[in-house]
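quick one: sequence plus predicted model below, questions after.
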Amino acid sequence: MGIGKNQVGKAFRRVKRPVSYYAIAAVLTLVLAAAILLERNRMDLNYTNLLNTIAQGESKGNYNAYFGNAGNNKIDFTAMTVGEVLEWQASYVAQGSPSSAVGKYQFINTTLKGLLNEMGVNHAERFDANLQDRLAIRLLERRGVQDYALGRISREQLAHNLSKEWAALPRVIGGNPDSSYYDGDGLNKAHVKVDQVMAAIASLKPLNNT
């Protein structure tokens, strides 16, 4: 007796499905193993000096700063929810501002949205000092601070990486090392000296050794 097309199809699917499951399981296992390895290699660092150096150039250390007004003390962004800050940024740009940068570390709207999604931050959470510091540390991690701590990149390379994130920092590597990576864009210039940022990076010591 012959096998019909439907029976062949069912037989094929019965054979194929377990292979597919095994492949997915293998990929998930590899991803989990990589995540565990990265977490084991991650170092808890004292970020205080570096964060303060970045903030001094970006906002003079003001958690309520916004583009064009580093000394702002009228709008309390730290009392707002993250969702309210995003709305304020959109409104500020709609009114003609060339930048939506807000907070101690001058997060622009697109960067802030990306960080919130990446870190799973609820839009109802307050944009307070603690959250702003956490967001800034995630940016440091994106730019290679853990690689530096583990000896994979040089202090100069990390400084250069950070200058791509924060325009107030000097580019360090390349021509005009004291200038901003975004020098000439009409909006940004470096407000921190090379020796200042290099010293701040050098202070990145493991917390258990401080």
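The structure has been received and is ready for your questions. Numbering: from 1, shown residues only.

from here on, just use CA atoms for contacts and neighbour counts.
Fine.

so where's this protein uncertain?
Applying pLDDT under 70 to the chain flags the ranges 1-41, 208-210.

C-terminal to the helix or strand harbouring Arg134, what's the next element?
Using DSSP states H and E, Arg134 sits in helix 129-142. Toward the C-terminal end, the helix or strand that comes next after helix 129-142 (DSSP H and E) is helix 145-149.

thinking again about what came up before, list the buried residues of the helix holding Arg134.
Ala129, Gln132, Asp133, Leu135, Ala136, Ile137, Leu139, Leu140 (16 or more other CA atoms under 10 Å).

can you tell me which of those residues is nearest Asn46?
Nearest to Asn46, judged by CA to CA, of the buried residues of helix 129-142 is Ile137 at 10.5 Å.

identify the residues contacting the closest one.
By CA atoms under 8 Å, 6 or more residues apart in numbering, the residues touching Ile137 are Tyr47.

nearest spatial neighbour of the residue nearest the centre of the chain, skipping sequence neighbours?
Centroid-nearest residue in the chain, with CA atoms, centre = their mean: Leu139, separated by 2.4 Å. Of all residues not flanking Leu139 in the chain, Glu165 sits nearest, at 7.7 Å (CA to CA, 6 or more residues apart in numbering).

can you report phi and psi for that neighbour?
Torsion angles at Glu165 (phi, psi; degrees, to the nearest 10) stand at phi -90, psi -40.

what about it, how many residues nearby?
Using other CA atoms under 10 Å as the criterion, Glu165 is surrounded by 17 other residues.

next one: it relative to Glu87, how far apart?
Here the criterion is CA to CA, to the nearest Å. By it, Glu165 lies 22 Å from Glu87.
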